[in-house]
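> Sequence plus the predicted model coming up.
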Amino acid sequence: SIDPAYAPGTGTPEIGGFTSHEAQLLVRGLHGLDLIGGDLVEISPLSDMTGNTALIGATLLFEILCLLTDNKYKKSLKQDGKNG
């Protein structure tokens with residue numbers, strides 16, 4: 001879903017995708033939803049000599065992990081009977 005201008009390291013580049021910032025905002029916009037997982041589909045380092053695709057992928061995975069960790073923490077607070 002990331003435009004190849006920002007993440008060229010893919011086997012099937014398609015124009016018209018999200019910018020890296022838009023993708024980050026999209027993931028952050030999922031905050032508060034009851035997520036149980038996330039997926040990074042494809043990074044092809046041989047197609048991106050700059051390493052931008054890997055950096056974007058790692059950053060978005062970090063954002064997803066933050067969401068999942070926050071959800072797990074809030075669930076544990078509810079189970080303990082605490083507000084959070």
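Happy to help now that I have it.

> tally of neighbours for the residue nearest to residue 38 when sequence neighbours are not counted?
Nearest residue to residue 38 in three dimensions, chain neighbours excluded: residue 64, at 3.6 Å (Cβ to Cβ, 6 or more residues apart in numbering). (Each C-beta comes from the backbone N, C-alpha and C, glycine too.) Burial of residue 64 is recorded as 17 neighbouring residues (other Cβ atoms under 10 Å).

> Correct me if wrong, but residue 64 is in a helix.
Yes - assessed with DSSP: H, G, I helix; E, B strand; the rest coil, residue 64 lies in a helix.

> so the most centrally placed residue in the chain, which of the three states?
The residue at the geometric middle of the chain, judged as the C-alpha nearest the mean C-alpha position with Cα atoms, centre = their mean, is residue 60 (2.9 Å). In the three-state summary, residue 60 is assigned as helix, counting by three-state DSSP.

> related to what we said a few turns ago, distance of the residue nearest to residue 38 from residue 71?
Going from residue 64 to residue 71 by Cβ to Cβ, to the nearest Å gives 11 Å.

> Next, show the common contact partners of these two.
Both residue 64 and residue 71 are contacted by residue 35, under the criterion Cβ atoms under 8 Å, 6 or more residues apart in numbering.

> which ones are touching residue 63?
Under the criterion of Cβ under 8 Å, 6+ apart, the contact partners of residue 63 comprise 24, 27-28.

> Compute the distance between it and residue 71, please.
13 Å.

> Per-residue pLDDT of the residue lying closest to residue 27 once chain neighbours are set aside, please?
Excluding its sequence neighbours, the residue lying closest to residue 27 (Cβ to Cβ, 6+ apart) is residue 63, at 4.5 Å. At residue 63 the predicted local confidence, pLDDT, stands at 95.
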